[in-house]
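Trainee: Structure of the sequence below:
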Amino acid sequence: MPLAVAVLMDPIRAIKTAKDSTFAMLLEAQRRGHRVLYMEQGDLAVREGRAWARLASLQVRDDPREWFDLGKPEWRPLAEVDVVLARKDPPVDNQFVYDSMILEQAELEGVRVVNRPQALRDCNEKLYALSFPECCAPTLVARSSSALREFVAEHDQVVLKPLDGMGGRGIFRSHYGDPNLNSILETLTLDGRRLAIAQRFIPEISAGDKRILVIDGEAVPYALARIPQGDEFRGNLAAGGRGEGVPLSDRDRWIVDQVAPDLRRRGLVFVGLDVIGDYLTEINVTSPTCIRELDAQFGLTIAGQMFDAIEKSLETSLP
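Mentor: Model prediction:
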């Protein structure tokens, strides 16, 4: 059955189609005959207690020079849409939170929002992973520079990062005796006013920071290992890492099994787990990537698996 599928995303004119997972989803929605609609962050509103959006019809094509056509945007009740793909990149700031509240109102009006707005608010991508301590390396989240310094003294080699970053931005590797440590902590915590994360350094990063995609609690059988290049310790593709597809290990599958029940409970349909060595480091819920790379390397159609899950959920919810 054809659906009306709206996407909330960053400006489509600025994406890199060869790497953009949202674009893969839009191509798949269009291939299935669904009507695709487009909106950005400024296109949401509440009118007389109902969720509204300024929606433009969208057509996409897998052409790196001309990949989209947009129709004239019009304000419409979001309840006229069957599915909203909430794919706005971090930061999860006040505007992101307010948008999630409007999407939650649309959800109350019968719209299927992927991922669920409440989960987008509740599941900070770094803190949420710590809900599964059996899967994680030793970690401290604190504002106190003295507490963070004690953690560094205990573990020597550590990674320090903010709670709201993406793409490897703001991540530092440090060690006991590092003359820059105080400055790093002052920067990350804003002199004790903001939480930061300290995590024991995982040497297996040299083999890659694996992105494992999970759809409705089921793992895609291959991960994209994002391997640091040169003297860079970060594997993020945005930081210059090289992406290499690898089969999931037994440990990877075990980690997915620990996390999956809670993902389903929260309505997190499409999620990216970050795993280094034997350890879960992040659970990405806002706009996980790596569909295009894995599809190309292994002949997969990951967005197709996602739409299978969405369509099945809509069928089972029918009266």
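Trainee: from here on, contacts and neighbour counts on C-alpha atoms
Mentor: Fine.
Trainee: What strands line up against the helix or strand harbouring Val271, and which way round?
Mentor: Using DSSP states H and E, Val271 maps to strand 270-276. Using DSSP bridges, the strands paired with strand 270-276 are strand 209-215 (antiparallel), strand 279-284 (antiparallel).
Trainee: wait, which of those strands is closest to Ala147?
Mentor: strand 279-284 (20.5 Å; Cα to Cα).
Trainee: helices or strands up against the helix or strand just after that closest one?
Mentor: Using DSSP H and E, the next helix or strand after strand 279-284 towards the C-terminus is helix 291-298. Helices and strands touching helix 291-298, by 3 or more Cα pairs under 8 Å, 6 or more residues apart in numbering; DSSP states H and E, are helix 21-31, strand 222-227, strand 242-247, helix 302-317.
Trainee: from the strands paired with strand 270-276, which stretch is densest packed?
Mentor: The highest mean neighbour count among the strands paired with strand 270-276, using mean count of other Cα atoms under 10 Å, belongs to strand 209-215: a mean of 27.
Trainee: got the contact list for it?
Mentor: Contacts with strand 209-215, where a contact means Cα atoms under 8 Å, 6 or more residues apart in numbering, come from 219-220, 222-227, 235-236, 256, 269-277, 288, 290, 305-306, 309.
Trainee: again with stretch 137-147
Mentor: With contacts defined as Cα under 8 Å, 6+ apart, stretch 137-147 is touched by 148, 151, 182, 185-186, 189, 191-200, 202, 279-281.
Trainee: got it, and stretch 299-317?
Mentor: Stretch 299-317 is contacted from outside by 24-25, 28-29, 112, 215-216, 220, 269-270, 291, 294-295, using Cα under 8 Å, 6+ apart.
Trainee: What are the buried residues along that stretch?
Mentor: 300-307, 309-311 (16 or more other Cα atoms under 10 Å).
Trainee: How far off centre is that stretch?
Mentor: Put simply, stretch 299-317 sits 18 Å off its chain's centre (Cα atoms, centre = their mean, to the nearest Å).
Trainee: Relative to Ala260, how far out is Asp10?
Mentor: 28 Å (Cα to Cα, to the nearest Å).
Trainee: Equivalent analysis for Lys210, please.
Mentor: From Lys210 to Ala260 the distance is 17 Å (Cα to Cα).
Trainee: which residues touch Val269?
Mentor: 114-115, 214-217, 263, 306, 309.
Trainee: Repeat the analysis, applying 6 Å as the threshold.
Mentor: Val269 makes contact with 115, 215-216 under the criterion Cα atoms under 6 Å, 6 or more residues apart in numbering.
Trainee: out of everything not next to it in sequence, what's closest to it?
Mentor: Among residues not flanking Val269 along the chain, Asp216 sits closest, at 4.5 Å (Cα to Cα, 6 or more residues apart in numbering).
Trainee: What separation is there between that neighbour and Gly299?
Mentor: When distance is defined by Cα to Cα, Asp216 is 21 Å away from Gly299.
Trainee: Count the neighbours of Pro179 for me.
Mentor: Under the neighbour criterion other Cα atoms under 10 Å, Pro179 is assigned a count of 10.
Trainee: mind checking how far it is from Leu190?
Mentor: Using Cα to Cα, Pro179 is found at 18 Å from Leu190.
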